[in-house]
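# could you look at this predicted model? Sequence included:
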Amino acid sequence: MRETAAALLQAARKALIEADIEGSSLDARVLLQSASSLSHEELVAHPDAQIEVEAVSKFQNFIERRLLHEPVSRILGWREFYGRNFLVTPAVLDPRPDTETLVDLILQRTRLQHKMVLDLGAGSGAIVITLLAELARLTGTAVDLSQEALDVVDHNATVLGVAHRLQLHNGFWFQGLTGTFDLIVSNPPYIVHSQIEGLGAEVKHFDPHLALDGGDDGLTAYRHLAKGAPEFLAKGGVLAVEIGAGQSQDVADIFTATGFTLIEKRKDLSGHDRALAFEKINDSQKKPL
């Protein structure tokens, strides 16, 4: 049975509100657009448009999934990041707007001088692929412990036209890598292990825990990065990482103790330090571990 776009949206919004789903109006509209292949403008201009039976069924399935707190991006299978659409699957972290803070920091510091980038824990590839798309002279290597995640990186790099400038490496942090890089970037797992069960359902049940779990204090990944990076960061290079809220000083201390100096912090839209950039310092300046 056909139904109008307005009736479907009204029923969906009501169900989402009753389930305490934030952004119910936007979620309902975006999901109906996908199910019906109608644009936002078409839905606004023609609220009484009759939606085909198959599209109604698809939309209702989407809403049922959203009522279980599955993120819209995972229902659709893609997430917009820095103006580009990235495939997301259960194997990768859903790229967040906060991570665009890290990309902004990198682009504003490295637009001219850096040529080779290493992305550790690449996930969907959102960071490294965005950098390659924005900087035509850049080449990159994406590392992830999950081969399934690297398959997603490969897909996204191919679709977005940068696969010829990106190498993929399946491994644990710096394991098996050779050479040096002008830029090392990472959005590592930084959630304290004991806090994962308290995360919202959208994160806890749909993001891979491998990409969330930062160990007992949330800082395990930064210790791996700080220990391995000096060998792989070229002279004059920059290392930039995303951090969790409240971790700025602890992460800075870890890197400065292993041969780096903090050169910039960048806050996210909530006012939290979200991205840190470091340079290597001379051996004589290093602090003992």
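All right, it came through fine.

# quick one: the strands in the protein?
Shown for the chain, the strands assigned by DSSP state E span residues 3-4, 50-51, 78-81, 84-87, 116-120, 139-144, 166-170, 181-186, 233-242, 260-267, 273-280.

# wait, Leu93 sits on Gly125?
No. Leu93 lies out of contact with Gly125 (Cβ atoms under 8 Å); the separation is 10.8 Å. The C-beta positions use only the backbone N, C-alpha and C, and glycine is treated the same way.

# okay, the two: which has more neighbours?
Gly125 (30 against 23; other Cβ atoms under 10 Å).

# and the closest residue to that one other than its chain neighbours, what's its pLDDT?
Closest residue to Gly125 apart from its sequence neighbours, by Cβ to Cβ, 6 or more residues apart in numbering: Val153 at 3.5 Å. Listed pLDDT for Val153 reads 98.

# for Arg109, same thing?
With respect to pLDDT, Arg109 scores 77.

# please apply the same query to Glu54.
So Glu54 comes in at 94 (pLDDT).

# and it, what is it in contact with?
Listed by Cβ atoms under 8 Å, 6 or more residues apart in numbering, Glu54 has no contact partners.

# check the gap between it and Gly121 for me.
39 Å (Cβ to Cβ, to the nearest Å).

# ok, now Ile17?
The separation that Ile17 has from Gly121, given Cβ to Cβ, amounts to 36 Å.

# these two: which has the busier surroundings?
Gly121 (24 against 13).

# go ahead and confirm that one touches Ala221.
Yes. If you go by Cβ under 8 Å, Gly121 and Ala221 touch, sitting 7.3 Å apart.

# now do the shared contacts for these two.
186, 188-189.

# quick one: which of those is nearest Asp27?
Pro189 (27.0 Å; Cβ to Cβ).

# which residues touch the closest one?
If you count contacts by Cβ under 8 Å, 6+ apart, Pro189 has them with 121, 210-214, 220-221.

# which pLDDT value goes with it?
At Pro189, the pLDDT recorded in the model is 95.

# quick check: closest non-adjacent residue to it.
Excluding the flanking residues, the one nearest Pro189 by Cβ to Cβ, 6+ apart is Gly214, at 4.7 Å.

# what count of nearby residues applies to the one you found?
Residues lying near Gly214 (other Cβ under 10 Å) number 21.

# where does the stretch 101-250 of the chain have low pLDDT?
110-114 (pLDDT under 70).

# and if we set it to 90?
Scanning the stretch 101-250 of the chain for pLDDT under 90 picks out 108-115, 137, 236.

# who's in contact with the closest residue to Ala201 other than its chain neighbours?
Nearest residue to Ala201, sequence neighbours excluded (Cβ to Cβ, 6+ apart): His69, at 3.7 Å. By Cβ under 8 Å, 6+ apart, the contact set of His69 is 21, 200-202, 205-206.

# quick one: buried ones out of these?
21, 202, 206 (16 or more other Cβ atoms under 10 Å).

# look up phi and psi at the first one.
In this entry, Ile21 is assigned phi and psi values of phi -90, psi 120 (degrees, to the nearest 10).

# contact partners for it?
27, 66-67, 69.

# and what of the last one?
For Phe206, the contacting residues are 69-71, 74, 90, 94, by Cβ under 8 Å, 6+ apart.

# list the contacts of the residue nearest to Gly125.
Contacts for Val153 (Cβ under 8 Å, 6+ apart) come out as 122-125, 128-129, 142, 144, 166, 168.

# 6 Å instead?
By Cβ atoms under 6 Å, 6 or more residues apart in numbering, the contact set of Val153 is 122, 125, 142.

# just give me the closest of those to Phe255.
Ala122 (20.2 Å).

# quick revisit: which one of the strands of the chain lies closest to Gln60?
Closest approach to Gln60 among the strands of the chain is made by strand 3-4 (9.6 Å; Cβ to Cβ).
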